[in-house]
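Participant: could you work out the structure for the sequence below:
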Amino acid sequence: MNMKQNVGDKDRMIRFAAGALLILWGVVAHNGVAFIGIIVLATAYFRFCPSYTLFNMNTTSETDQIEANKSDKSDKEAKKSDKERGKDRS
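Facilitator: Numbering: from 1, shown residues only. Now for the predicted structure:
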């Protein structure tokens, strides 16, 4: 599964705050709202929201997208070099 970033910086900060508040509320009130807060925090942490994918939404800026592409390329290059090192050992 390809989880391309679709949560921008402002959106992420709002999600962190909302998630923390929901967890706090759920713990204090002893209800299931804390579970929703955990999900909101996870979307902020991973910078990926599945519902945004369903509705073709993206709140990342161009700068965020460029940085994500750079890290994807460097990850691919690292995997490629790891594979090549493994072949050299054989």
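
Participant: element containing Lys83, please.
Facilitator: helix 62-89 (DSSP states H and E).

Participant: residues contacting the residue nearest in space to the middle of the chain?
Facilitator: Per Cα atoms, centre = their mean, the C-alpha nearest to the average position across the chain is that of Phe46, at 1.8 Å. Taking Cβ atoms under 8 Å, 6 or more residues apart in numbering, we find Phe46 in contact with Met3. Bear in mind the C-beta positions are built from the backbone N, C-alpha and C, glycine included.

Participant: please name the nearest non-neighbouring residue to Tyr52.
Facilitator: What sits nearest to Tyr52 in space, not counting adjacent residues and going by Cβ to Cβ, 6 or more residues apart in numbering, is Asn6, at 4.5 Å.

Participant: so which elements touch the one helix or strand Val28 maps to?
Facilitator: Using DSSP H and E, Val28 sits in helix 9-29. Packing partners of helix 9-29 (3 or more Cβ pairs under 8 Å, 6 or more residues apart in numbering; DSSP states H and E): helix 33-46.

Participant: for the record, mean pLDDT for the helix it packs on?
Facilitator: Averaging pLDDT along helix 33-46 yields 96.

Participant: that one to helix 9-29, inter-axis angle?
Facilitator: Using axes from the mean of the first three to the mean of the last three Cα atoms, to 10 degrees, the inter-axis angle of helix 33-46 relative to helix 9-29 is 160 degrees.
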